[in-house]
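Undergrad: The amino acid sequence is not available; the structure is as follows:
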């Protein structure tokens, strides 16, 4: 059973509305609040060689990325820290705090606990006006499919390409890009942290549309053999670019470094140069 | 190093304002938002014999209790679940969802992950009007010190008194009491989940006051030998009563089952029948 199978089981309990997007969406009168929580831990999420500061930064970044992908601006972040040694808490907190400050957010508290395995859970709160809120489900036939940044860099870093180590361990969430895309009229959005391919599938399913993507135009890490680079870009996890759709009339969007990679049409599924694209990406598996 | 020593270190990074209360407090225009996160895991927080459903319930309850202790009503809860076996996720989610529903809150999402040790992190969001917000720091000389419910029941359950097992594993957060106390004019409040004694000390320090408590009037679990009952009530953790202060003129408060146990005065420290009360309670320790 993997994440997405379990999500279906959870939906039966708490409803689909609460599990469809990168964040939960809460009506707050004039605005919406968005909220997301992410659990990271040593054996599965933190590559060997990461410092405590980097772990704190990454924990904040994954959650800020979720808030960004709704078009929202982040207000507050909480961090629950389970660690083997108390000395690590300060550096982890400093990393998370530095990440929050870099993106106009504030680390406002958390919890801590002795734990055999370093486990960080960050929870972010954001705010967005109704006209700027972007979900996964709004893609319309005719829209452009685009992605910010260069997917595959984090996977390249994980596989030993040292020039991409930084992209892996100090990821940059698209906080400003997400808000700009929300204001500009993006119709659907999510981050590609589980990989571009699986994200394309998730967005297509949520929106009930077909996505056609052109392989040759997908950005990919330089300095990596062509076959690896293409694989990393499609199937590698750990990047924090934003995958979005928008009307052709508003693309490209000023101030957002994004690449058009395809087109939305009626139907279902994701196609790469006309062939069905495998739905593979980063996922947690249980035995 | 224990929790409270570490909290001091963390305060140097993120500021005291963010770490003084059971929740972070966020200005939201007309109202305040409050937000709290709690990490629970198998070896230190879940007594042997708890079901997955009960773990989910407890994870939600500890966070709803934090929201309640600010006088706020809970809006949304997220649950991050790290478990050894995927089958457990559903029952844990159901427990958390049932607890949310019981207290007018909604489980709106979360995250999940394979983990060697069952680790649950719940994060709650609440809302409160400025005049009803209660912090730890508002106690005034002359105020009554009071506590809701019967402290010590959870510890009695943990020590084998079967009639209190339910109080331990299906704790009842004071969600309605906290809001009533906020409306009625409580001046300071927190929950007693780490134990009554340590909570009295925390409240006294945050408010910069002295608390005098009368041992004989503190409620305690029935059916337990007198000495144990008194010890459980003062030093046992895991209960979710609310410790609060309020002007004598508004006490008792309609609809809230609370017991006056002492008085606030100028000065510092916590005194039990005139003797300094030991600051001991539930705390996480690292080696």
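TA: On my side now, so go ahead. Just so it is clear, the model here is predicted, and its values are computed rather than measured.
Undergrad: Which stretches in the stretch 151-287 of chain A count as helices?
TA: Along the stretch 151-287 of chain A, counting by DSSP state H, counting those that start in this stretch, helices occupy A:153-158, A:165-169, A:175-184, A:196-207, A:226-235.
Undergrad: got the contact list for the first one?
TA: Okay, so that is helix A:153-158. Helix A:153-158 is contacted from outside by A:47, A:164-169, A:171, A:221, A:224, A:228-229, A:232, A:235-239, using Cβ atoms under 8 Å, 6 or more residues apart in numbering or on different chains. Placement of C-beta: from N, CA and C, glycine included.
Undergrad: can you give me the offset of that helix from its chain's centre?
TA: Chain-centre distance of helix A:153-158: 15 Å, with Cα atoms, centre = their mean, to the nearest Å.
Undergrad: Generate a ChimeraX selection restricted to the buried entries among the contacts of helix A:153-158.
TA: The ChimeraX selection below is limited to those of the contacts of helix A:153-158 classed as buried (16 or more other Cβ atoms under 10 Å in any protein chain shown):
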select /A:164,165,167,168,169,171,221,224,228,229,232,235,236,237,238,239
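Undergrad: beta partners of the residue minimising distance to the centre of chain A?
TA: The centre of chain A sits closest to residue A:191, judged by Cα atoms, centre = their mean, with a distance of 3.0 Å. Beta bridges link residue A:191 to residue A:242 when assigned by DSSP bridges.
Undergrad: winner for burial among the helices of the stretch 151-287 of chain A?
TA: Of the helices of the stretch 151-287 of chain A, the one with the most neighbours on average (mean count of other Cβ atoms under 10 Å in any protein chain shown) is helix A:153-158, at a mean of 26.
Undergrad: Quick check: mean pLDDT of it?
TA: The average pLDDT for helix A:153-158 rounds to 95.
Undergrad: what residues does the stretch 51-200 of chain A put near chain B?
TA: With Cβ under 8 Å from any Cβ of the partner chain as the criterion, the stretch 51-200 of chain A comes near chain B at residues A:75-76, A:78-83, A:85-86, A:89-90, A:93-94, A:97, A:106-117, A:119, A:121, A:123, A:125.
Undergrad: now the strands: where do they sit in chain A?
TA: A:24-28, A:31-41, A:73-83, A:107-114, A:119-128, A:144-148, A:188-191, A:210-213, A:242-246, A:258-265, A:269-272, A:275-276 (DSSP state E).
Undergrad: buried residues in the first one?
TA: Taking 16+ other Cβ under 10 Å as the neighbour-count basis, strand A:24-28 is seen to contain the buried residues A:24-26, A:28.
Undergrad: Could you list every helix and strand that that strand packs against?
TA: strand A:31-41, strand B:73-83, strand B:107-114 (3 or more Cβ pairs under 8 Å, 6 or more residues apart in numbering or on different chains; DSSP states H and E).
Undergrad: Also the second one?
TA: Using 3+ Cβ pairs under 8 Å, 6+ apart as the contact criterion, the elements in contact with strand A:31-41 are strand A:24-28, helix A:52-68, strand A:119-128, strand B:73-83, strand B:107-114, strand B:119-128.
Undergrad: Buried residues, the longest one. List them.
TA: What that stands for is helix A:52-68. A:52-68.
Undergrad: For the residue nearest to the centre of chain A, which residues are in contact?
TA: A:22, A:65-66, A:68-69, A:173-174, A:199, A:240-243.
Undergrad: Which residues does the worst-scoring helix or strand of chain A on mean pLDDT contact?
TA: Least confident helix or strand of chain A, by mean pLDDT, DSSP states H and E, is helix A:3-14 with a mean of 75. Helix A:3-14 is contacted from outside by A:18-19, A:283-284, B:86, B:89-90, B:93-94, B:97, B:106-110, B:112, using Cβ under 8 Å, 6+ apart.
Undergrad: Stretch A:199-210 too?
TA: Contacts of stretch A:199-210 (Cβ under 8 Å, 6+ apart): A:20-21, A:135-141, A:145, A:188, A:190-192, A:211, A:213, A:243, A:245, A:264-271, A:277, A:279, A:281.
Undergrad: are any of those residues buried, and which?
TA: In the contacts of stretch A:199-210, the ones that pass as buried (16+ other Cβ under 10 Å) are A:20-21, A:135-136, A:138-139, A:145, A:188, A:190-192, A:211, A:213, A:243, A:245, A:264-265, A:270-271, A:277, A:279, A:281.
Undergrad: about what we covered before: any chance of the strands of chain A in JSON lines, plus mean pLDDT?
TA: JSON lines is the format used below for the strands of chain A (pLDDT from 0 to 100):
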{"stretch": "strand A:24-28", "mean pLDDT": "93"}
{"stretch": "strand A:31-41", "mean pLDDT": "95"}
{"stretch": "strand A:73-83", "mean pLDDT": "95"}
{"stretch": "strand A:107-114", "mean pLDDT": "90"}
{"stretch": "strand A:119-128", "mean pLDDT": "97"}
{"stretch": "strand A:144-148", "mean pLDDT": "98"}
{"stretch": "strand A:188-191", "mean pLDDT": "97"}
{"stretch": "strand A:210-213", "mean pLDDT": "98"}
{"stretch": "strand A:242-246", "mean pLDDT": "98"}
{"stretch": "strand A:258-265", "mean pLDDT": "98"}
{"stretch": "strand A:269-272", "mean pLDDT": "98"}
{"stretch": "strand A:275-276", "mean pLDDT": "97"}
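Undergrad: tell me how far stretch A:154-161 is from the chain's mean position?
TA: 18 Å.
Undergrad: What of stretch A:107-126?
TA: 19 Å.
Undergrad: tell me which residues in it are buried?
TA: A:107-115, A:117-126.
Undergrad: What of stretch A:92-108?
TA: A:92-100, A:103, A:105-108.
Undergrad: farthest-separated two in the residues you listed?
TA: A:92 and A:103 (17.4 Å; Cβ to Cβ).
Undergrad: Please name the residues that touch residue A:280.
TA: By Cβ under 8 Å, 6+ apart, the contact set of residue A:280 is A:195, A:197-198, A:235.
Undergrad: And residue A:182, how far from chain B?
TA: Distance from residue A:182 to chain B, counting by Cβ to the nearest Cβ, to the nearest Å: 19 Å.
Undergrad: Report the spatially nearest residue to that residue, omitting neighbours in sequence.
TA: Leaving aside its chain neighbours, residue A:182 sits nearest to residue A:71 (2.3 Å; criterion: Cβ to Cβ, 6 or more residues apart in numbering or on different chains).
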